[in-house]
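> please find the sequence and the predicted model below.
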Amino acid sequence: MMLGLMLGAIVKLWPFAAHEVDGGIDAGATSAEISVPGVIVSGLISLLVTLAFSYFAPTKKAASAT
Amino acid sequence: MPENTIDHSPRKGEQPKLEPGAWIRGVGMGAADVVPGFSGGTVALFTGIYERLVGAISQFDRQAFQHFRKREWSKFAEHVDLFFLCWLVLGIACGFVASTLTVKSLLDAPATRPYVLAAFVGMVLGASVFVFRSLQQIAPIGVKQVLVIVAGAAIAAALSLMPANLRESPPYWFIFVSGAIGICAMILPGISGALMLMILGIYEYLMGIARSLIHLDDLFHCLNGLRGVWAGMFDRTVIVFKTFAVDVCELPVNNAFHDVGINAGRDCKALAVCGP
């Protein structure tokens, strides 16, 4: 369930969605002004860093075993 | 009253000492708690203090209460590993404040918001691997597990598409329930409290309050937003304390004190609902 919640939350975090400000759409952050490569690089860097943490971090079961 | 001869204190026999390592780990936990996808519990697990942290929290039991009641401060501190907890909480507070100011500013600026959100997506995907690994250790992935994952994704997506007015001015009961869920998620490895608040749609609302409190901006508005939370908590606390004191500790509780507590809680709740 938690895994599903995390994957579903990407809908909320989608970086290309328009930014709502004071009940309206912020024209300053339209998709035309967003650098797609920059967004992808930003996402990839954080993905790799988190994957590194996930790889080296012991799971709770493993930690309990020690 | 006979003393319990079994001492579960994790630091028995050691003198209280400064623990800068706990402070540094706390900074990491506090900073991670603000970021959706990262969990303070994961940082605690990764830095090797998770078992000690959970052990220290679980030591707040009847024996700790007895030490506290008898004003045996050194035994109380030793029993609950108080110095470790204090340094850790101080670090969490420092990390939380620093991370709150940074993340909120970056999310508010239209130029940086997409990149911050992209970073959050990457963190959530990376943390999903951690949860998936834990899931594999518990049980093999089958059709039932896949169906539950899909159901969870559908719930999160539906919550993410909630009406904007609920997200911008959430009712007090919703803030209270969201806070309870977020706090529980923060201590569990792999589950991000900030992500749960993000799914529930009040992450930015609460971040705005936290940032305003740090800056001491519009303090009345911030306290107004938190009023429903503490009013409900105060009301529950009085009832829980009365039950604990009478039923568990067999203390004679004055009825007048009880009435004052209940009335104060009721007044606070009325204030939260109706306003000053």
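Thanks, I have the structure now.
> ranges for the strands of chain A?
Listed in chain order, the strands of chain A (DSSP state E) span A:20-21, A:24-25.
> what's the helix or strand for B:I183?
helix B:172-187 (DSSP states H and E).
> where is the longest helix in chain A?
Secondary structure of chain A per DSSP state H: the longest helix is helix A:36-56.
> tell me the helices and strands packed up against that helix.
helix B:40-46, helix B:113-138 (3 or more C-beta pairs under 8 Å, 6 or more residues apart in numbering or on different chains; DSSP states H and E). C-beta: built from backbone N, CA, C; applies to glycine.
> next, the buried residues of the shortest one.
Using 16 or more other C-beta atoms under 10 Å in any protein chain shown as the burial criterion, the residues of helix B:40-46 that qualify are B:40-46.
> for the last one, same thing?
Across helix B:113-138, burial judged by 16+ other C-beta under 10 Å covers B:113-135.
> ok, stretch B:65-77 next?
In stretch B:65-77, counting by 16+ other C-beta under 10 Å, buried: B:66-67, B:75-77.
> quote the end-to-end distance of that stretch.
11 Å (C-alpha to C-alpha, to the nearest Å).
> for the chain, name the helix or strand with the lowest mean pLDDT.
Because you didn't say which chain, this covers chain A. Across the helices and strands of chain A, mean confidence by mean pLDDT, DSSP states H and E is lowest for strand A:24-25: a mean of 44.
> what ranges in the chain fall below the confidence cut-off?
By default, I'm working from chain A. A:17-34, A:54, A:56-66 (pLDDT under 70).
> try again with chain B
For chain B, the stretches flagged by pLDDT under 70 are B:1-18, B:37, B:160, B:162-169, B:187-190, B:216-276.
> go again using 90 as the cut-off
For chain B, residues meeting the criterion pLDDT under 90 lie at B:1-85, B:93, B:95-276.
> give me the contact list for the helix or strand following the helix holding B:I183.
Per DSSP H and E, helix B:172-187 leads on to helix B:193-200 as the next helix or strand towards the C-terminus. Here helix B:193-200 makes contact (C-beta atoms under 8 Å, 6 or more residues apart in numbering or on different chains) with A:5-6, A:8-9, A:12-13, B:33-40, B:120, B:124, B:127, B:156, B:159-160, B:174, B:178, B:181-186, B:203, B:206.
> give me the residue from the stretch 1-150 of chain B nearest chain A.
Of all residues in the stretch 1-150 of chain B, B:G126 sits closest to chain A, with a separation of 2.6 Å (C-beta to the nearest C-beta).
> how close does that residue get to B:L85?
Between B:G126 and B:L85 the computed distance is 29 Å (C-beta to C-beta, to the nearest Å).
> buried set for stretch B:48-64?
Going by 16+ other C-beta under 10 Å, stretch B:48-64 has these buried residues: B:49-50, B:52-53, B:55-56, B:59, B:63-64.
> do the same with stretch B:75-88
B:75-88.
> B:G28: which of those is nearest?
B:L88 (10.5 Å; C-beta to C-beta).
> I'd guessed the closest one sits against B:V27; true?
No: here B:L88 lies out of contact with B:V27, judged by C-beta atoms under 8 Å, at a distance of 9.6 Å.
> export the helices and strands packed on helix A:36-56 to TSV and append columns for distance to B:C94.
Shown next, in TSV, are those (distance: least, C-beta to C-beta, whole Å):
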stretch	distance to B:C94
helix B:40-46	13
helix B:113-138	21
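> circling back to that earlier point, just the buried residues of stretch B:75-88: which are in strands?
Those of the buried residues of stretch B:75-88 lying in strands (DSSP E): none at all.
> show me which of the residues you listed is closest to A:A52.
Nearest to A:A52, judged by C-beta to C-beta, of these is B:L88 at 24.0 Å.
> for the nearest residue to that closest one once chain neighbours are set aside, give me its contacts.
Closest residue to B:L88 in three dimensions, ignoring its sequence neighbours and counting by C-beta to C-beta, 6 or more residues apart in numbering or on different chains: B:G26, at 4.2 Å. Contacts of B:G26 were listed using C-beta under 8 Å, 6+ apart, and they are B:87-95.
> so B:F60: helix, strand or coil?
Judged by DSSP: H, G, I helix; E, B strand; the rest coil, the three-state class of B:F60 is coil.
> doesn't B:V80 make contact with it?
Yes: at 5.8 Å, B:F60 and B:V80 qualify as touching, with contact defined as C-beta under 8 Å.
> could I get the buried residues of stretch B:48-64 as JSON lines with distance to B:V148 and secondary structure?
Compiled in JSON lines, the buried residues of stretch B:48-64 are given as follows (distance: C-beta to C-beta, whole Å; DSSP: H, G, I helix; E, B strand; the rest coil):
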{"residue": "B:I49", "distance to B:V148": "31", "secondary structure": "coil"}
{"residue": "B:Y50", "distance to B:V148": "25", "secondary structure": "helix"}
{"residue": "B:R52", "distance to B:V148": "32", "secondary structure": "helix"}
{"residue": "B:L53", "distance to B:V148": "29", "secondary structure": "helix"}
{"residue": "B:G55", "distance to B:V148": "31", "secondary structure": "helix"}
{"residue": "B:A56", "distance to B:V148": "33", "secondary structure": "helix"}
{"residue": "B:Q59", "distance to B:V148": "34", "secondary structure": "coil"}
{"residue": "B:Q63", "distance to B:V148": "40", "secondary structure": "helix"}
{"residue": "B:A64", "distance to B:V148": "38", "secondary structure": "helix"}
